[in-house]
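S.K.: sharing a sequence plus its predicted fold:
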Amino acid sequence: MLLIIAWRNIWRNKLRSFVVIVSVSLGLVGGIFSMAMMYGMINQRVQNIIENEISHIQVHHPKFTENYEMQYVVSNASELQKKLMTSSEVEAVCSRLRIPGMASSAQSGAGIMILGIHPDEERGVTRIHESLVEGSYLEGRRNPIIIGEKLARKLKVRLRSKIVLTFQPREGELARGAFRIVGIYKTNNSVFDQGQVFVKRTDLVRISEYKDDHINELALWLKEMDSAQMLSKQFQKKHLELQFLTWRKIQPDLAMVTDFMAEYFIIFMSIILAALGFAIVNTMLMVVMERIRELGMLLAIGMNRGRVFRMIILESVFLCLVGGIAGVGVSFALIEYFNQAGIDLGLFAEGFESVGYASQVYPELESKFYFIIGFMVVGMGIGAAVYPAWKVLRYQPAKALRME
Amino acid sequence: MAVIEVKDIRKVYTETKVPVYAVNGIALSFEKGEFAAIVGPSGSGKTTLLNILGGIDVPSEGEVIIDKKHIASLSSRQLIDFRLKNIGFVFQSYNLIPVLTAIENVEFILQLQGQSKNERRKRAQQLLNEVGLGDRVNDRPAQLSGGQQQRVAVARALASRPQFVLADEPTANLDSKSTENLLNIMEKLNREEGITFIFSTHDSRVVKKARRVITIEDGCVVSDERIAPNNI
Ligand SMILES: Nc1ncnc2c1ncn2[C@@H]1O[C@H](COP(=O)(O)OP(=O)(O)OP(=O)(O)O)[C@@H](O)[C@H]1O
Ligand SMILES: [Mg+2]
């Protein structure tokens, strides 16, 4: 019956309760939705970087990642590639020749990373072929190259222009080759676009007079991103001469941001709920002081203080929960809608892309956060009622009954 | 045998500039089955006395013995429980829980005592029948007249089968017809079921119905007359 009383008590002063409910729900919508936007942006960034750049697992000679020296190759790469493909968890594997170098046009030059790829293999792992804004994907002809839009602008070149790549195939030696631009790509990360160019591995091999199977990087795409850690460990055990790195190891900052998302969320929402909580303390104080004679009567007729305490707490919890459910419901609807429709931050696109975020944001939130919010709202309800309940329960029933 | 006995009680309020002796040396004893009125001018100490008799308030001095128990020896928890089981209260106003219906208000106190849902319903319905509200059980207090609300309060006060019922100016907010009606019900319950009623009042028509009239002034008993013998 305490539940019934507490629930019905909420509706005694409809306007006041309505104000509380609306402010709780608005506060939650604001908090949850902005968290979902942030989460969506971060997640997209992580996905983009994984899909365009680093994939799930990379394989190198253990010394290669220190200085990108060309003598550190993945030996027997094609055999290893075949072997890795047999694992049921692996979706695709591609082999690359990664060489740092210079790209120069008639106008200007830039330091870049040259990725010598096998076009068909690469399709299975990264999404560069989907990011083309002009031209086509490393097709035909001699020495085709794909570069990012940002680099094209910097070098002042267009589709079908020629650029020269210079690099160091061996210690103390320089190699150069002229490449024709067949495609220009654009990802959400302009730093990446400015720094990576894609050519056919076979062209690079020919120019640098390497052996045919000169490969210094394998990239793996897994069926389940979450199995990266475990798989990488398994492979590593079998191939001690190589280094297996998951995306988390390759970009630890990226992994950290996603891992701390739950903490951010809790801290952020706690601040919002604390602010709301103070308003509710005030409301509950008004509620109990207004009803002090009634509460005195309840104590007089034999309702013990514990029950009265619980009754007041329950009322506050219900009040918060109604607001909480409304707020979470609205947030959920908004997030679902914009998760499909997307939010265009067009105005700020350039700023966001220069730091690797997409300008089209798809807010999202894992369902566990809705549960966390549920608990936090109940906590706020309890917290906000403790002081008012304690205050009113200090009154002797005789005194409470006499209050004006 | 006395159900309540107070010995030389005093109640002093010291929060005021000059200490106020709301009750100043009262000794009284009430037998089972009494129908007693406490009368006196405003501020004479009626409410204070009734609150002390009911264990809602504690005297500054003196002893209160209810059903052979010294109230002072009980912890505040035990005291609340004692009130729940032994004493029925009817106040002048703010008697009922406004968000509960008439029957729920009566059931509430039975639930506090831990009775089962079925028992509760049955007894609450029966009590409301007795006070003539058998057909209004599902109305909330706001939908009932002042007199009807006080009758619900009487039904509630009786629900736990208390030793006695204390009523502080139960008719103060009622018109004469409702006053008469309420008193008739209380009188009937007293006569037929032997329930002890002690009530305070200003109203001479109410005083006329009482079989014992205790008059107090300035916190002291000035007269204590038995008008008719106790019915038990
Ligand atoms: N909390 C308090 N502090 C100081 N004085 C008080 C307090 N409560 C009551 N009194 C005083 O005690 C005296 C007795 O009050 P009480 O309410 O018992 O009188 P009463 O006979 O019930 O009056 P009424 O007929 O108006 O209800 C009054 O003089 C009142 O002013
Ligand atoms: Mg009074």
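M.R.: All right, it came through fine. Ligands and ions are numbered 1, 2, ... in the order given.
S.K.: enumerate the residues of the stretch 251-400 of chain A near chain B.
M.R.: A:293-294, A:296-305, A:307, A:396-398 (C-beta under 8 Å from any C-beta of the partner chain). Heads up, the C-betas are built off the backbone N, CA and C, glycines and all.
S.K.: can you flag which of those belong to helices?
M.R.: Using DSSP state H, the members of these that fall in helices are A:293-294, A:296-301, A:305, A:307, A:397-398.
S.K.: closest one of those to ligand 1?
M.R.: Within these, proximity to ligand 1 (C-beta to the nearest ligand atom) peaks at A:Ala398, which comes in at 8.3 Å.
S.K.: all helices for chain B, in order.
M.R.: Counting by DSSP H, the helices of chain B are B:46-53, B:76-86, B:102-112, B:117-130, B:146-159, B:176-193, B:204-209.
S.K.: over to the stretch 201-350 of chain A?
M.R.: A:201-208, A:228-238, A:247-250, A:252-259, A:261-290, A:292-301, A:305-341, A:349-354 (DSSP state H, counting those that start in this stretch).
S.K.: please check the residues of the stretch 251-400 of chain A next to chain B and keep the buried ones.
M.R.: A:293-294, A:296-305, A:307, A:396-398 (16 or more other C-beta atoms under 10 Å in any protein chain shown).
S.K.: out of those, who's near ligand 1?
M.R.: Among those, none lies close to ligand 1 by the criterion of C-beta under 6 Å from any ligand atom.
S.K.: out of those residues, the closest to chain B would be?
M.R.: Closest to chain B out of these is A:Gly302 (2.6 Å), distances taken as C-beta to the nearest C-beta.
S.K.: with adjacent residues omitted, what lies nearest to the closest one?
M.R.: Spatial nearest neighbour of A:Gly302, excluding adjacent residues (C-beta to C-beta, 6 or more residues apart in numbering or on different chains): B:Leu84 at 2.6 Å.
S.K.: distance-wise, check that neighbour relative to B:Pro162.
M.R.: Note on B:Leu84: its distance to B:Pro162, by C-beta to C-beta, to the nearest Å, is 9 Å.
S.K.: in a helix, A:Met102, correct?
M.R.: No: assigned with DSSP: H, G, I helix; E, B strand; the rest coil, A:Met102 falls outside any helix and is strand.
S.K.: which strand residues bridge it?
M.R.: Taking DSSP bridges as the rule, A:Met102 bridges to A:Gly111, A:Thr166.
S.K.: what's the pLDDT at it?
M.R.: Listed pLDDT for A:Met102 reads 95.
S.K.: that one against A:Ser108, yeah?
M.R.: No: the pair A:Met102 / A:Ser108 is not scored as a contact, 10.8 Å apart, by C-beta atoms under 8 Å.
S.K.: quick one: low-confidence parts of chain A?
M.R.: A:140, A:347, A:349, A:356 (pLDDT under 70).
S.K.: for chain B, same thing?
M.R.: Using pLDDT under 70, chain B drops low at B:229-232.
S.K.: neighbours of the residue of it found nearest chain A, how many?
M.R.: Across chain B, no residue is closer to chain A than B:Leu84, which sits at 2.6 Å (C-beta to the nearest C-beta). The local packing of B:Leu84 (other C-beta atoms under 10 Å in any protein chain shown) involves 19 other residues.
S.K.: A:Lys63 too?
M.R.: As a burial measure, A:Lys63 scores 12 neighbours (other C-beta under 10 Å).
S.K.: so for it, what's the nearest residue that isn't a sequence neighbour?
M.R.: A:Tyr72 (4.8 Å).
S.K.: with B:Ala124 instead?
M.R.: Here the residue nearest B:Ala124, using C-beta to C-beta, 6+ apart, is B:Val106, at 3.9 Å.
S.K.: returning to what we had before: could you dump the ones in helices among the residues of the stretch 251-400 of chain A next to chain B to TSV with distance to B:Ala124?
M.R.: Shown next, in TSV, are those (distance: C-beta to C-beta, whole Å):
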residue	distance to B:Ala124
A:Arg293	24
A:Glu294	20
A:Gly296	23
A:Met297	18
A:Leu298	17
A:Leu299	21
A:Ala300	20
A:Ile301	15
A:Arg305	25
A:Arg307	19
A:Pro397	23
A:Ala398	27
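S.K.: how far away is the residue nearest to A:Ile50 when sequence neighbours are not counted from chain B?
M.R.: Excluding the flanking residues, the one nearest A:Ile50 by C-beta to C-beta, 6+ apart is A:Trp247, at 5.3 Å. Look at A:Trp247 and chain B: by C-beta to the nearest C-beta, to the nearest Å, they are 58 Å apart.
S.K.: ok, A:Trp247 - contacts?
M.R.: Residues in contact with A:Trp247, defined by C-beta atoms under 8 Å, 6 or more residues apart in numbering or on different chains, are A:49-50, A:54-57, A:228, A:254-255.
S.K.: got a list of what the residue of the stretch 301-404 of chain A found nearest ligand 1 touches?
M.R.: Using C-beta to the nearest ligand atom, the closest approach of the stretch 301-404 of chain A to ligand 1 is made by A:Arg402 at 5.8 Å. For A:Arg402, the contacting residues are A:296, B:47, by C-beta under 8 Å, 6+ apart.
S.K.: quickly note the distance from it to A:Ile325.
M.R.: 39 Å.
S.K.: cool, B:Leu166 as well?
M.R.: 44 Å.
S.K.: between the helices of the stretch 201-350 of chain A, which one is nearest to B:Ile227?
M.R.: When the helices of the stretch 201-350 of chain A are compared by C-beta to C-beta, helix A:292-301 sits nearest B:Ile227, at 29.3 Å.
S.K.: mind telling me what element the residue nearest the centre of chain A is part of?
M.R.: With distances taken as C-alpha atoms, centre = their mean, the residue of chain A nearest its centroid is A:Asn43 (2.2 Å). When elements are assigned from DSSP states H and E, A:Asn43 belongs to helix A:14-49.
S.K.: the helix or strand just after that helix pairs with which strands?
M.R.: Later in the chain than helix A:14-49, the nearest helix or strand by DSSP H and E is strand A:57-60. Sheet pairing here is set by DSSP bridges, and for strand A:57-60 it gives strand A:217-222 (antiparallel), strand A:243-246 (antiparallel).
S.K.: check these for me and report the most buried one.
M.R.: strand A:217-222 (a mean of 22; mean count of other C-beta atoms under 10 Å in any protein chain shown).
S.K.: next, the angle from it to helix A:228-238.
M.R.: Calculated by axes from the mean of the first three to the mean of the last three C-alpha atoms, to 10 degrees, strand A:217-222 forms an angle of 130 degrees with helix A:228-238.
S.K.: contacts for strand A:217-222 next, please.
M.R.: Residues from elsewhere that reach strand A:217-222, judged by C-beta under 8 Å, 6+ apart: A:54-60, A:64, A:74, A:77, A:80-81, A:84, A:89-98, A:124-126, A:228, A:231.
S.K.: stretch A:68-83 now?
M.R.: By C-beta under 8 Å, 6+ apart, stretch A:68-83 touches A:59-64, A:93, A:95, A:98-100, A:168-171, A:208, A:213-218, A:239, A:241-242.
S.K.: roughly how far out does it sit from the chain middle?
M.R.: Taking C-alpha atoms, centre = their mean, to the nearest Å, one finds the center of stretch A:68-83 at 32 Å from the center of the full chain.
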